[in-house]
Structure formats: C-alpha cells, structure tokens
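# Pasting the sequence and the predicted coordinates here, then a few questions.
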Amino acid sequence: MALVEETQDKAGDRHILSRFDGDLGGFHRIVLEMGNLVLQQVVSAGEALAACDVAKARNVIHGHGRVRDLDIQALEANAGLYAIHQPVARDLRFVLTLSRTVYDLERIGGEAVRLADIAERLYEYQPTQRDCIIFEDVRRMMHPAVGLFDRSIQAVAGEDARLAVEVALEGKELTELFEGAIRRLATYLMEDPRNIRWVIEATLGIKAMERVGDHACSIARNVIYSVTGKDVRHVNVASLPMG
C-alpha cells in the first residue's frame, strides 16, 4: 500500500512539474513574441522619422494595440505562475527576469510610438529633402540601438549570459554616439536658426533611440541576474566569470 502511495506521489510531482514547465514556457513565448513585435515597431518608427514617412509612422501607431494586448497576456501569465506554482531559486529568478523584460518592452514600445508621433507631426510642416537630412542621425542611432535590442531578446530566448554581458558592455558606445549626434545637430542650428524646429524634433528622436538602447541593456542585465544570481547594477559586468 505504501508503494502505491509513493508511486502516486511521484506521478503527482511529475504532473505539477510538467504543468509548471508548460506555464513557464507559455510565458516565455509571449515575452519573445512581444519582443520581436516591438523590435519591428522600433525599426519602422526609426525609418519613418528618418525619411519623414507619415504612412509608415501611422502603421506603427495603429500597430501598438497588439503590443498592449501582449503586455496584458504577459502580466496574466506572470500572475498565474506566482499564484499557482510559487517558483523558487533559479526558476524564480527566470520568472522575475521575464516580468522585468515585459516592463522594458512596454517602455521600448512607447519610444517607438514617440518616434512615430514625431514623424507624423513633421508631415504637417512638409519638410523639404534638405530638411530631412537633419534626421539622418536618427538612422545612425537606430542601427546600434536596434542591434543591442535584438541581441538582448536573443539572450532572453536562450538564457545566454555571455551574450547579455556583451550587450551590457556595448551600451556605453551608444551614449558616445548620442553625444556626437547632439554636436552635429548643433551645427545645423548655427548654420541657420530657422532649423530649430527640425533640430528639436531630431533631438527628441535620437533621445528615444538612446532610451531603446538603455532598456535593451536593462534586459541584458536581468538575463545575467537570472543565470548567475548576481545583481549587476552593483557589479562590474566585465568582471563576471562566464566560462
């Protein structure tokens, strides 16, 4: 009789573990879907602003509803994991990392909408081709920012701490690009004070791209925490042993 009860207990444990793995996998998939969608939104919004393309900008704004839907799904999945399974140790760190990633993705999605709003606003003033050149720095900032963001999502997908460390370290380069872009934009203002409208909007655009990179680095730091258990907000990332 004891053997039967023990067998039933083991079967019950396997069922619980299997359900936890399924629920955690579902949460993971929602986060990755949200990440890939937001990545597309950032690219489209950056291109819309760099080219003053109002149609592409409006597509980003209209498409943000899907990002909100995934945000809600992720929050519900996250709450279910805590309520039903009460994860601990490494599992708890991974769940925390996914929930923090959702927060960063929601913020990045907001930056994509902000970029699209700028592009839509510019359309009302019909900028010339020469005016649009001022927004080239948005494109320059977009490529490294999107690169960091893309790799941070890959790090979440594979729980890849080594890739996450690379992203966290390279984030400093984006700050240097931002400072260089600000200096270039200042020259447009000195050349012709009438450029002030375009310079202000371009500055808001490159600042949004910088924030995209900042949130990508935040995602990467949370992956490092999930894998290593170290809160790298207070640790030199380069010093972490990844071997």
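Happy to help now that I have it. Residues are numbered from 1 along each chain as shown.
# ok, how many other residues are close to residue 52?
22 (other CB atoms under 10 Å). For the C-beta atoms, the positions are set from N, CA and C on the backbone; glycine is no exception.
# which element follows whichever helix or strand residue 120 is part of toward the C-terminus?
For residue 120, the host element (DSSP states H and E) is helix 89-123. In the C-terminal direction, the helix or strand that comes right after helix 89-123 (DSSP H and E) is helix 129-133.
# Can you list the neighbours in contact with that next one?
The contact list for helix 129-133, computed with CB atoms under 8 Å, 6 or more residues apart in numbering, reads 50-52, 195, 198.
# Max pairwise distance over those residues: which two?
Within those, 51 and 195 form the most distant pair, 18.1 Å apart (CB to CB).
# Between those two, tell me which one has more neighbours.
Neighbours per residue (other CB under 10 Å) separate residue 51 from residue 195, with residue 195 holding more: 18 against 15.
# Just the pLDDT at that one, thanks.
pLDDT recorded at residue 195 is 90.
# With residue 142 instead?
94.
# List the residues that contact the residue minimising distance to the centre of the chain.
Residue closest to the average C-alpha location in the chain (CA atoms, centre = their mean): residue 105, at 4.3 Å. Residue 105 sits next to 31, 34-35, 38, 67, 71, 215, 219 when contact means CB under 8 Å, 6+ apart.
# what are the phi and psi values for residue 229?
The phi and psi values for residue 229, taken as degrees, to the nearest 10, are phi 80, psi 10.
# After the helix or strand hosting residue 31, heading C-terminal, what element do we hit next?
Using DSSP H and E, the element containing residue 31 is helix 2-50. Helices and strands here follow DSSP H and E; after helix 2-50, the next one along the chain is helix 54-80.
# Which secondary structure elements does that following helix sit against?
helix 2-50, helix 89-123 (3 or more CB pairs under 8 Å, 6 or more residues apart in numbering; DSSP states H and E).
# Can you tell me which of these has the worst average pLDDT?
helix 2-50 (a mean of 79).
# thinking again about what came up before, return the member of the contacts of residue 105 nearest to residue 170.
residue 219 (13.2 Å).
# Looking only at stretch 34-54, what residues are buried by neighbour count?
Judged by neighbour count (16 or more other CB atoms under 10 Å), stretch 34-54 contains these buried residues: 34-35, 37-39, 41-50, 52-54.
# Any figure for the gap between residue 121 and residue 205?
Per CB to CB, to the nearest Å, residue 121 is found 11 Å from residue 205.
# of these two, who's got more company?
Legend: neighbour count by other CB under 10 Å for residue 121 and residue 205, higher for residue 205 (29 against 15).
# tell me the contacts of the residue lying closest to residue 28 once chain neighbours are set aside?
Leaving aside its chain neighbours, residue 28 sits nearest to residue 98 (6.3 Å; criterion: CB to CB, 6 or more residues apart in numbering). Residues in contact with residue 98 (CB under 8 Å, 6+ apart) are 27-28, 31, 74, 78, 156.
# could you redo the contacts of helix 129-133 as a markdown table and give each row distance to residue 131?
Formatted as a markdown table, those follow (distance: CB to CB, whole Å):
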| residue | distance to residue 131 |
| --- | --- |
| 50 | 12 |
| 51 | 12 |
| 52 | 8 |
| 195 | 8 |
| 198 | 5 |
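# helix or strand for residue 149, which one?
Taking DSSP H and E as the criterion, residue 149 maps to helix 136-158.
# Distance from the chain centre to that helix, please.
Remark: helix 136-158 is offset 8 Å from the chain centroid, using CA atoms, centre = their mean, to the nearest Å.
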